[in-house]
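In: Give me coordinates for this.
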Amino acid sequence: MRFLVDAHLPPRLCGVLQAAGHEAVHTRQLPAYNATTDDVINAFSVAEHRVVITKDTDFFYSHLQRGEPWKLLLIRTGNIRTRDLTALVERHLPAIIAALQNNSLVELDPQSVQVVI
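Out: Model prediction:
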């Protein structure tokens, strides 16, 4: 699966995804770096069939209203240390991947993976 990790999340998250055999880029790797606009992120996601991983609820609403980004993993943990976030994603990654296979909007909270749509 192909992922785009938003600026609000640590680049180290890409390493977790890549270690599991997925393709992942962080907004720091895009031409405008972390200043990349939501519209550009959405267009990139749609064009390359990438799942956007973010904490930003603006993407939640744009996905509901316009179907952009292509697919979305919304992280709902509040403030969390990088090592705790990466461990959470790593622990739930099989469930995240399974949920994203047939769904377009998935949420991850400290206890579970939830399919929204």
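
In: okay, the top helix by length along the chain in PDB with CA atoms only?
Out: Counting by DSSP state H, the longest helix found in the chain is helix 82-102. Taking Å, rounded to 0.1, in the frame of the first residue of the first chain, the C-alpha atoms of helix 82-102 are listed here in PDB:
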ATOM      1  CA  THR A  82       6.800   9.700  18.700                       C
ATOM      2  CA  ARG A  83       7.900   6.300  20.000                       C
ATOM      3  CA  ASP A  84       4.400   5.600  21.400                       C
ATOM      4  CA  LEU A  85       2.800   6.600  18.100                       C
ATOM      5  CA  THR A  86       5.100   4.500  16.000                       C
ATOM      6  CA  ALA A  87       4.500   1.500  18.400                       C
ATOM      7  CA  LEU A  88       0.700   2.100  18.200                       C
ATOM      8  CA  VAL A  89       0.800   2.100  14.400                       C
ATOM      9  CA  GLU A  90       3.100  -0.900  14.200                       C
ATOM     10  CA  ARG A  91       0.900  -2.900  16.600                       C
ATOM     11  CA  HIS A  92      -2.300  -2.100  14.700                       C
ATOM     12  CA  LEU A  93      -0.800  -2.100  11.100                       C
ATOM     13  CA  PRO A  94      -2.300  -5.400  10.000                       C
ATOM     14  CA  ALA A  95      -5.800  -4.200  11.100                       C
ATOM     15  CA  ILE A  96      -5.200  -0.800   9.400                       C
ATOM     16  CA  ILE A  97      -4.200  -2.400   6.100                       C
ATOM     17  CA  ALA A  98      -7.200  -4.800   6.300                       C
ATOM     18  CA  ALA A  99      -9.600  -2.000   7.000                       C
ATOM     19  CA  LEU A 100      -8.200   0.200   4.100                       C
ATOM     20  CA  GLN A 101      -8.500  -2.700   1.600                       C
ATOM     21  CA  ASN A 102     -12.200  -2.200   1.300                       C
END
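
In: same for it, what does it pack against?
Out: Helices and strands touching helix 82-102, by 3 or more CB pairs under 8 Å, 6 or more residues apart in numbering; DSSP states H and E, are helix 12-19, strand 71-75, strand 105-108, strand 113-115. Where C-beta positions appear, they are placed from N, C-alpha and C, glycine not excepted.

In: Redo those as JSON lines? Include mean neighbour count.
Out: Formatted as JSON lines, the helices and strands packed on helix 82-102 follow (neighbours: other CB atoms under 10 Å):
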{"stretch": "helix 12-19", "mean neighbour count": "17"}
{"stretch": "strand 71-75", "mean neighbour count": "23"}
{"stretch": "strand 105-108", "mean neighbour count": "20"}
{"stretch": "strand 113-115", "mean neighbour count": "15"}
